[in-house]
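Undergrad: what shape does this take:
(one chain, ligands or ions: 2)
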Amino acid sequence: MGRRELRPAVAGPGPWTYDEGAGLLAGGQDTLLPDGTAVRIATGARTPADTTAVIRSEHAHADPARRLLSARRPVVTGQDIRPRGQECRTGDQLVPAGTVVTPAVLGLAAAAGYDALPAVPRPRVDVLVLGDELLASGLPHDGLIRDALGPLLAPWLRALGAEVSAPRRLGDDAEALRTALTSSDADVIITTGGTASGPVDHVHPVLAALGAELLVHGVAVRPGHPMLLARFSPDGPHLVGLPGNPLAAVSGLLTLAEPLLAGLAGRPAQDAYRALVHADVPGHPHDTRLVPVVHRAGRAGGRDHVAPLRYNGPAMLRGIAAADGLAVVPAGGVRSGTEVEILDLPWAPATPWTEGCFT
Ligand SMILES: Nc1nc2c(c(=O)[nH]1)N[C@H]1C(S)=C(S)[C@@H](COP(=O)(O)OP(=O)(O)OC[C@H]3O[C@@H](n4cnc5c(N)ncnc54)[C@H](O)[C@@H]3O)O[C@H]1N2
Ligand code: MOO
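TA: Ligands and ions are numbered 1, 2, ... in the order given. All right, here's what the predicted structure looks like:
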């Protein structure tokens, strides 16, 4: 009983007699603890009925010769005994319907004894990257550029709760696109590029040939205005056509793909909120602009705000790579000190490395 790791469970006022050979382990049978006795007990083991308290080994003094245990400090009834049902009672609602099953929710469900949970599965997404000019590795050269969207989209879509297959690069090949669309068994197909009306822009012609219903055909947003949403039949699958310009694609990802995925997964879409913008932001003459921003804490009594970032052109990614949100800037632009709506990016607030060269 004198060894450090032992924690005696005691019944009634001390001192208590104990049996050196006895002990209770986690998962053991229920036992009794007569008044005036102690038994060593492992953390997590069920305390015997009538246990008054558990004493930490460092607060107990054992006399092996007399097989007598005493407490070095006052014992409070119930100390170190974790009662049953501390965080919930039978019939309590642990999480409301529609809750995202995070790792913590899974743990809570298991702790409460659930073996299965009714859940809406993650939407499955296929990503098709179009463009003959795209390289999968190495430095851009001879008019060929790196595919920036395959690497960006897959993890971003996973962060939005989707199950994503490895992006496929199809080039500018109408037949390959048609085959990929008709053979996909995903809930959502996301294409990049080919949304315009040039000779190798195959998205619209192929969708028309397949009889897809065009639900969104361009939006009044810059960058990203050629983005589109289509549906192959009333119960899906959906197709989100993202423009090829990388920041235009991000714009469609946040404003079309994200709410669609949330809807398919039975989740509410992102809560809109507004923040003070800390600089004049020029606007488009008639369309809304989405501008990468970073959140900043107000200094010296100033209010928290967002700062717009440079490198925000349709083909650019430096701004968004430093951002933690996109500001929704109405046509005509906003003056410094105006509140604007913010679309959050699905990761932690940006670190201050954006200071200086981006703002
Ligand atoms: N007649 C019109 N032409 C265009 C319009 C329009 O309204 N009418 N809108 C322009 C706008 S705005 C955009 S944005 C582009 C969208 O065109 P596409 O979706 O057909 O995109 P692409 O031509 O394939 O590519 C545009 C640009 O982006 C580069 N790109 C494409 N994919 C990637 C990728 N995976 N990684 C990096 N860069 C990529 C591509 O090389 C082009 O430079 O249409 C305008 N035209
Ligand atoms: O959508 Mo485009 O990116 O506005 O150039």
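Undergrad: okay, CA-based contacts and neighbour counts for the rest of this
TA: Will do.
Undergrad: alongside ligand 2, which residues does the protein contribute?
TA: Neighbours of ligand 2 within the chain, by Cα under 6 Å from any ligand atom: R222, P223, G224, H225, P226, N245, A248, P314.
Undergrad: make it 8 Å
TA: When proximity is defined as Cα under 8 Å from any ligand atom, the chain approaches ligand 2 at 221-227, 243-249, 313-315.
Undergrad: what about those, which are in strands?
TA: If you go by DSSP state E, those have V221, R222 in strands.
Undergrad: does the strand ranked longest in the chain come close to ligand 1?
TA: Counting by DSSP E, the longest strand found in the chain is strand 288-296. No - remark: strand 288-296 sits outside contact range of ligand 1, by Cα under 8 Å from any ligand atom, the gap being at least 12.0 Å.
Undergrad: what packs against the helix or strand that that strand is followed by?
TA: Counting by DSSP states H and E, the next helix or strand C-terminal to strand 288-296 is strand 305-308. With contacts taken as 3 or more Cα pairs under 8 Å, 6 or more residues apart in numbering; DSSP states H and E, strand 305-308 sits against strand 273-276, strand 288-296.
Undergrad: and these, which is most packed in?
TA: Neighbour counts averaged per stretch over the helices and strands packed on strand 305-308 are highest for strand 288-296, at a mean of 25; criterion: mean count of other Cα atoms under 10 Å.
Undergrad: what helices or strands is it leaning on?
TA: Helices and strands touching strand 288-296, by 3+ Cα pairs under 8 Å, 6+ apart, are strand 221-222, strand 305-308, helix 318-322, strand 325-329.
Undergrad: now stretch 203-221, how far from the centre of its chain.
TA: 30 Å (Cα atoms, centre = their mean, to the nearest Å).
Undergrad: please disregard the earlier target; I meant stretch 103-113.
TA: 17 Å.
Undergrad: what's next to that stretch, contact-wise?
TA: Residues from elsewhere that reach stretch 103-113 (Cα atoms under 8 Å, 6 or more residues apart in numbering): D115.
Undergrad: buried set for that stretch?
TA: For stretch 103-113, burial by neighbour count (16 or more other Cα atoms under 10 Å) applies to A109.
Undergrad: turn the helices and strands packed on strand 305-308 into CSV, including mean pLDDT and distance to L170.
TA: Output for these, formatted as CSV (pLDDT from 0 to 100; distance: least, Cα to Cα, whole Å):
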stretch, mean pLDDT, distance to L170
strand 273-276, 95, 38
strand 288-296, 96, 29
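Undergrad: just put those strands in JSON lines and tack on distance to A11.
TA: Listed next are those as JSON lines, based on distance: least, Cα to Cα, whole Å:
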{"stretch": "strand 273-276", "distance to A11": "57"}
{"stretch": "strand 288-296", "distance to A11": "58"}
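Undergrad: nearest to L239, of these?
TA: strand 288-296 (22.2 Å; Cα to Cα).
Undergrad: parallel or antiparallel, which strands does that closest one pair with?
TA: Strand pairing for strand 288-296, using DSSP bridges, gives strand 221-222 (parallel), strand 305-308 (antiparallel), strand 325-329 (antiparallel).
Undergrad: off-centre distance for that strand?
TA: Strand 288-296 sits 21 Å away from the centroid of its parent chain (Cα atoms, centre = their mean).
Undergrad: outside of that strand itself, which residues are in contact with it?
TA: Counting by Cα under 8 Å, 6+ apart, 220-223, 251, 283, 304-310, 312, 319-320, 322-331, 349-350 sit against strand 288-296.
Undergrad: can you tell me which of those are classed as buried?
TA: By 16+ other Cα under 10 Å, the contacts of strand 288-296 give 221-223, 251, 283, 305-310, 312, 319-320, 322-331, 350 as buried.
Undergrad: TSV for the helices and strands packed on strand 288-296, including distance to S233 and mean pLDDT?
TA: Listed next are those as TSV, based on distance: least, Cα to Cα, whole Å; pLDDT from 0 to 100:
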stretch	distance to S233	mean pLDDT
strand 221-222	27	98
strand 305-308	40	94
helix 318-322	34	95
strand 325-329	32	97
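Undergrad: nearest to ligand 1, out of the ones you listed?
TA: Smallest distance to ligand 1 across the helices and strands packed on strand 288-296 (Cα to the nearest ligand atom): 7.2 Å, for strand 221-222.
Undergrad: so that closest one, near ligand 1 or not?
TA: Yes - Strand 221-222 reaches ligand 1 (Cα under 8 Å from any ligand atom) through R222.
Undergrad: right, and the helix or strand after that strand?
TA: Immediately after strand 221-222, counting by DSSP H and E, sits strand 228-231.
Undergrad: what strands flank that next one, and is each parallel or antiparallel?
TA: Strand 228-231 has these strand partners (DSSP bridges): strand 213-217 (antiparallel), strand 238-242 (antiparallel).
Undergrad: what residues does this protein have near ligand 1?
TA: Checking the chain against ligand 1 by Cα under 8 Å from any ligand atom, the hits are 129-131, 133-134, 144-150, 192-198, 201, 222-227, 241-246, 248-249, 314-315.
Undergrad: tell me how many other residues surround G138.
TA: Neighbours of G138 under the rule other Cα atoms under 10 Å: 8.
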